[in-house]
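Asker: Structure for the following, please:
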Amino acid sequence: MREENNKLDILLKCIGFEWDENNSNKIWTKHHVSPSECEQAFLNIPLIIFDDTKHSFSEKRYYALGATDGKKYLFIVCTIRNQKIRVISARDMNRKERKEYELHKENTKI
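Answerer: Model prediction:
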């Protein structure tokens, strides 16, 4: 639990989002997820964050499971640059991810 709190602490220190126009266009074209939906997922509870050790070569990456205001469940890959969340990729959660998200939601009673 402490490790999860540490990741949340990192996000709480962020002052906003940084968007790469090519990435945001690619995310929309490929997965129909908008930048505002990604931002909503980071601002809603629960938000589950994991280290993405498999893809953390040149910088530390995270992946997050979260929901938009409209209850769209998203899987988001991001990094932190200059105290800003930079979304690298986003898509709808798959069945396994959604199950994990729902389980976490039940366990935290949110």
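
Asker: isn't Ile88 right up against Tyr63?
Answerer: No: counting by CB atoms under 8 Å, Ile88 does not reach Tyr63; the two are 9.3 Å apart. Backbone N, C-alpha and C define where each C-beta goes, glycine included.

Asker: Run through the protein and note the low-pLDDT ranges.
Answerer: For the chain, the stretches flagged by pLDDT under 70 are 1-6, 55-56, 109-110.

Asker: Show me which helix runs longest in it.
Answerer: helix 95-107 (DSSP state H).

Asker: What segments of this structure are helices?
Answerer: 2-12, 21-31, 35-43, 95-107.

Asker: what's the closest non-adjacent residue to Gln40?
Answerer: Thr68 (4.4 Å; CB to CB, 6 or more residues apart in numbering).

Asker: List phi and psi for that neighbour.
Answerer: When quoted as degrees, to the nearest 10, the phi and psi of Thr68 stand at phi -80, psi 170.

Asker: Overlap in contacts, Ile88 and Tyr63.
Answerer: Residues touching both Ile88 and Tyr63 (CB atoms under 8 Å, 6 or more residues apart in numbering) are Val77, Cys78.

Asker: To Ile76, which of the helices of the chain lies closest?
Answerer: For Ile76, the closest of the helices of the chain is helix 35-43, at 5.7 Å, according to CB to CB.

Asker: Contacts for the closest one, please.
Answerer: 11, 17, 19, 24, 27, 47, 64, 66-70, 72, 74, 76, 85, 87, 90.

Asker: Buried members of those into ChimeraX, please.
Answerer: In ChimeraX, this line selects whichever of these come out buried by 16 or more other CB atoms under 10 Å:
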select :19,24,27,47,64,66,67,68,72,74,76,85,87,90
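
Asker: what's the closest of the helices of the chain to Asp51?
Answerer: Of all those, helix 2-12 comes closest under CB to CB, at 7.4 Å.

Asker: CSV for the helices of the chain, including distance to Phe57?
Answerer: Formatted as CSV, the helices of the chain follow (distance: least, CB to CB, whole Å):
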stretch, distance to Phe57
helix 2-12, 19
helix 21-31, 17
helix 35-43, 22
helix 95-107, 23
